[in-house]
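[1] Could you work out the structure for the sequence below:
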Amino acid sequence: MDKPLILVVDDNHINRLFFESALKKNSCACISTSNGSDALKQCHLYQFDLILMDIRMKDMNGIETAARVKQIKRNQTTPIVAISAETFDVDTHRDFIGSLLKPVSREDLNHTIAALIKPQTHENHFNHAKALDFSNQNQQIASHLRDMFIQQLKPQLQQIVDQFENKKFNDLHDTLHHLLGSAKICAAERLIYKIEAFKYDLNEMNDNLASTYLELIETIKKTAEQ
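    Prediction:
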């Protein structure tokens with residue numbers, strides 16, 4: 001299997017060296033750039049599995065760069081993770097699937113890679129450490145929320161199928177919104193990414209909508225098996 005290809009965009013040389021080293025140790029291929037303009041050139045040349053995007057850069061910041069990446073067909077659905085020294089609200093910046101806070105730890109970076117691009121196993125459909133954080137380190141609450149979430153997946157899956165096939169897109173947006181909220185509370189990170197990718201294609205009515213729909217359905221089924 002080919003190594004996942006990851007683009008690192010950061011204007012700090014030391015940060016780029018950190019990511020390059022950490023990604024190689026995680027069996028990933030890496031291309032790094034120091035500015036948004038060069039990042040866009042790389043996105044025209046390669047289809048990436050993941051983009052790590054520094055937010056504060058000279059000339060073109062990470063938010064503008066990400067928006068322009070999403071206009072490049074080859075990387076329209078590539079997940080982009082914000083890298084920032086400050087808390088970054090991904091809910092108000094829909095081009096980003098998540099964020100990592102500087103200084104980025106290898107553990108957080110590895111969790112992100114496992115959730116977004118590596119083949120999933122029973123252990124990494126959910127980020128258990130993050131789920132515990134959401135539950136104030138209460139394992140009983142975290143497990144209860146996960147069990148409730150899994151029980152709701154099958155009826156929600158049927159809802160999504162019915163609404164998509166019958167083109168009830170307003171209802172579908174509502175269903176996806178509720179599913180995404182629950183997935184975030186339980187830290188079902190792979191499912192979060194698939195929901196966001198499908199929502200993006202649904203909003204834009206992209207040519208690959210059918211493909212991301214099928215990927216979402218398959219991810220819901222696998223998550224429900226946990």
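
[2] Spell out the secondary structure type for residue 88.
    coil (DSSP: H, G, I helix; E, B strand; the rest coil).

[3] Confirm that residue 71 lies within a helix, as I assumed.
    No. Membership of residue 71 in a helix is not supported by three-state DSSP, which gives coil.

[4] and residue 153, how many neighbours?
    21 (other Cβ atoms under 10 Å). C-beta coordinates here come from the backbone N, C-alpha and C atoms, glycine included.

[5] and whichever strand or helix holds it, what does it pack onto?
    Using DSSP states H and E, residue 153 sits within helix 139-165. When contacts are defined as 3 or more Cβ pairs under 8 Å, 6 or more residues apart in numbering; DSSP states H and E, helix 139-165 sits against helix 128-134, helix 169-185, helix 209-224.

[6] can I get the CA coordinates of stretch 137-155 in PDB?
    Output of stretch 137-155 as PDB, limited to C-alpha atoms (Å, rounded to 0.1, in the frame of the first residue of the first chain):
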ATOM      1  CA  GLN A 137     -12.500  12.000  32.800                       C
ATOM      2  CA  ASN A 138     -15.500   9.900  33.800                       C
ATOM      3  CA  GLN A 139     -15.100   6.600  32.100                       C
ATOM      4  CA  GLN A 140     -18.700   5.500  33.000                       C
ATOM      5  CA  ILE A 141     -20.200   8.600  31.400                       C
ATOM      6  CA  ALA A 142     -18.000   8.300  28.300                       C
ATOM      7  CA  SER A 143     -18.900   4.600  27.800                       C
ATOM      8  CA  HIS A 144     -22.600   5.400  28.300                       C
ATOM      9  CA  LEU A 145     -22.600   8.200  25.800                       C
ATOM     10  CA  ARG A 146     -20.800   6.000  23.300                       C
ATOM     11  CA  ASP A 147     -23.300   3.100  23.800                       C
ATOM     12  CA  MET A 148     -26.200   5.500  23.300                       C
ATOM     13  CA  PHE A 149     -24.500   6.900  20.200                       C
ATOM     14  CA  ILE A 150     -24.000   3.500  18.600                       C
ATOM     15  CA  GLN A 151     -27.600   2.500  19.300                       C
ATOM     16  CA  GLN A 152     -28.800   5.500  17.500                       C
ATOM     17  CA  LEU A 153     -26.600   5.000  14.400                       C
ATOM     18  CA  LYS A 154     -28.800   2.400  12.700                       C
ATOM     19  CA  PRO A 155     -32.000   4.400  12.700                       C
END
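
[7] average pLDDT for that stretch?
    The average pLDDT within stretch 137-155 is 87.

[8] Report the buried residues of that stretch.
    Within stretch 137-155, the residues scored as buried using 16 or more other Cβ atoms under 10 Å are 142, 145, 146, 149, 150, 153.
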